[in-house]
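*Asks:* Need a 3D model of the following:
(one chain, ligands or ions: 2)
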Amino acid sequence: MASFRTLDDIGDVRGKRVLVRVDLNVPMQEGKVSDDTRFRATLPTVTELADKGAIVLLLAHFGRPKAPTPDLSLALVTKPYEQVLGRPVRYIDWEVDQAGVASLRPGDVAILENTRFFGGEEKNDPAVVDRFARLGDLYVNDAFSAAHRAHASTEGLAHRLPAFAGRAMEAELNALEQALGKPERPVAAVVGGAKVSTKLEVLRHLVAKVDHLIIGGGMANTFLAARGVKVGKSLCEHDLTGTAGEILDAAERANCTVHLPYDVVVAKEFAANPPSLRTCNVHEVADDEMILDIGPAAVEALADVLKTCRTLVWNGPLGAFETPPFDAATVALARTAAALTQEGSLVSVAGGGDTVAALNHAGVADDFSFVSTAGGAFLEWMEGKELPGVKALAR
Ligand code: ADP
Ligand code: MG
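*Replies:* Residues are numbered from 1 along each chain as shown. Ligands and ions are numbered 1, 2, ... in the order given. Next up, the predicted model:
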């Protein structure tokens, strides 16, 4: 049994008003939804509740409004959401249209106005929690991506109404538990991306948890510098080499093997396929060169590490993957991880905005066991933090 309450525990919802916190914060381009991934993630929960005769009231934020403004009204996404859901969806500005909520029938689905139009939402103001709570009988949180914030609609409500995790939240929590909570060993973590400074807490947490820590991306340069390697013009946080050294020491004490690249792909200018492109040993980087990807020999060695592992958690690309050919290492290692997952020897969980983009670019996002699109919440989970919105759902 899960450590949190799910829709399996909710009982009979027929005719009950269920407030469902979802993530409808989709990207828009020229007034159109440019990526409806977040809409699709809500479908299992919304469909299940509506089919069981609940009155489904969707609570969500949209953008970062300081005050109510028509261009961040959830009215804008109601039609596009309805198309994805495949059944009618009402938009209700319930502050002014209280009769709108009262008129809903079992099986109806409505989107309520942007939770952040209420000043107290982000302060978890009890008065705002009360106003939301009066609208419903039950509360379901299906927005893992907002669970790192203790807001009225993500945390406060769970203490005011009977509270349950939705299906997307449940799947995400189960995958994360399998990856770092009680993982099958050995466990490998890949941490990449631009800067060490944004992921210090992640690294500190992981060295105590995983058997292999694979460091790539720009942040590997800071670790290489900490070991006395000259990294030339590479992106490198020289002021953090001491901290990087401490992390390496902590890993050693915890019996965590840290893998830094021994060959790298360098160039004198950051551009697609630059003439100065070459692959070299990490000890051969010239003063006017920068490291933009880890090298093929390193990738081959890392693939061999993954073959010995049962679990993988991945955040951050291994190189500047947006610019060819600096996507090569990320693509190759992601494909290895995907193949091992498909063979059944590896549980693979990945997350992070650019990581998801990189896995899509490699064409393997669907072949990982689980890919989290949660961004900030995923990183806080990788830091070992307890997320307030999740904690509030505990049994
Ligand atoms: P995520 O969003 O998945 O958490 P990050 O935002 O931490 O990932 O890092 C992604 C960025 O890191 C990408 O834009 C990528 O170009 C950059 N990056 C990776 N390796 C390097 C490198 N060697 N030099 C410069 N930038 C790099
Ligand atoms: Mg990013």
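*Asks:* How about the residues of the stretch 251-395 of the chain by ligand 1?
*Replies:* Within the stretch 251-395 of the chain, the positions lying close to ligand 1 (CB under 6 Å from any ligand atom) are 291-292, 315-317, 319-322, 352-355. All C-beta atoms are positioned from the backbone trio N, CA, C, and that covers glycine.
*Asks:* redo that, cut-off 5 Å
*Replies:* Residues of the stretch 251-395 of the chain found near ligand 1 (CB under 5 Å from any ligand atom) are 292, 316, 319-320, 352-355.
*Asks:* Surely Ala188 is in a strand?
*Replies:* Yes. Applying DSSP: H, G, I helix; E, B strand; the rest coil, one finds Ala188 inside a strand.
*Asks:* My guess is it contacts Leu306. True?
*Replies:* Yes. Here Ala188 reaches Leu306: they are 6.1 Å apart, a contact under CB atoms under 8 Å.
*Asks:* What sits closest to the residue in the stretch 51-200 of the chain positioned nearest to ligand 1 if chain neighbours are left out?
*Replies:* Closest residue of the stretch 51-200 of the chain to ligand 1, CB to the nearest ligand atom: Gly193 (2.4 Å). Once flanking residues are discounted, Gly193 sits nearest to Gly316: 3.2 Å by CB to CB, 6 or more residues apart in numbering.
*Asks:* how about that neighbour, phi and psi?
*Replies:* Phi and psi for Gly316, reported as degrees, to the nearest 10, are phi 100, psi 130.
*Asks:* What is the neighbour count of it?
*Replies:* Using other CB atoms under 10 Å, Gly316 has 27 other residues around it.
*Asks:* which ones are touching it?
*Replies:* 190-193, 199, 216-217, 219, 352, 354-355 (CB atoms under 8 Å, 6 or more residues apart in numbering).
*Asks:* Let's see that with 6 Å instead.
*Replies:* Contacts for Gly316 (CB atoms under 6 Å, 6 or more residues apart in numbering) come out as 191-193, 217, 355.
*Asks:* Next one: it from Pro106, what distance?
*Replies:* Distance, Gly316 to Pro106, using CB to CB, to the nearest Å: 46 Å.
*Asks:* got it, and Asn25?
*Replies:* For Asn25, the distance to Pro106 - CB to CB - is 28 Å.
*Asks:* ok, the two, which is more surrounded?
*Replies:* Neighbours per residue, other CB under 10 Å: of Asn25 and Pro106, the larger number sits with Asn25, 20 against 15.
*Asks:* mind showing which ranges of the stretch 151-300 of the chain have poor pLDDT?
*Replies:* Within the stretch 151-300 of the chain, no stretch has pLDDT under 70.
*Asks:* where do the strands sit along it?
*Replies:* Ranges of strands in the stretch 151-300 of the chain, per DSSP state E, counting those that start in this stretch, are 163-165, 187-191, 212-215, 257-259, 263-267, 278-281, 290-294.
*Asks:* likewise the stretch 1-150 of the chain?
*Replies:* With strands called from DSSP E, counting those that start in this stretch, the stretch 1-150 of the chain shows them at 17-21, 28-29, 32-33, 55-59, 90-92, 109-112, 138-141.
*Asks:* can you list the domains in this structure?
*Replies:* With automatic domain parsing as the criterion, the domains of the chain are listed as 7-166, 183-382.
*Asks:* quick one on the thing from earlier: report pLDDT for the residue nearest to Gly193.
*Replies:* At Gly316, the model reports a pLDDT of 97.
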